[in-house]
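Student: Mind looking at a prediction? Sequence and model below.
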Amino acid sequence: MKKKAITAKDFKVMDGRFGKGVAVARALDTGEPMPHAVRITASSPEQFFTTMTPKRMALFRLTRKCAQSIAELAVASRRDRSAVARDVSQLEGLGLVRVVDQPNPGHGRKKVVEPVARHIEVVTEF
């Protein structure tokens, strides 16, 4: 059996995977949002839309633009702050956002919502 020489082309497939791993590690080290998608599995489209309501999708889009406090999200979405806080909690449970407690100079502390996922992949199982 003849041995095949390993060339640089053999490692090109790994370049993309290695690059993604480095990006994830860098995000974990710096506290930046993860550069990947979150997969949400639902047993039916109805179950997905019960979880990801249009208002929650709107909040997710707002956080993808820039990290904002819950109060700022409430103003931007023209919704009650407590309703936004409940929806942010649901989004956090799905792994789409994270809530970071930060100092708010002169006003104590504030909860800032940051995106974790850049994309959502929806998989339904029938």
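Tutor: Alright, I've got the coordinates.
Student: The residue nearest to M52 when sequence neighbours are not counted is in what secondary structure piece?
Tutor: In space, and not counting its chain neighbours, M52 is closest to I40: 7.1 Å by CB to CB, 6 or more residues apart in numbering. For the C-beta atoms, the positions are set from N, CA and C on the backbone; glycine is no exception. Element membership for I40, per DSSP states H and E: strand 36-42.
Student: for the residue nearest to M52, what are its contacts?
Tutor: Residues near I40 by CB atoms under 8 Å, 6 or more residues apart in numbering: 48, 51-52, 94, 120-123.
Student: Show me those that map onto strands.
Tutor: Judged by DSSP state E, the subset of the contacts of I40 located in strands is 120-123.
Student: Looking at the residues you listed, which is nearest S89?
Tutor: I120 (17.3 Å; CB to CB).
Student: Let me know the pLDDT of that closest one.
Tutor: In this prediction, I120 carries a pLDDT score of 74.
Student: The helix or strand hosting A58 packs against which elements?
Tutor: Applying DSSP H and E as the criterion places A58 in helix 54-65. If you count contacts as 3 or more CB pairs under 8 Å, 6 or more residues apart in numbering; DSSP states H and E, helix 54-65 packs onto helix 70-77, helix 81-93, strand 109-115.
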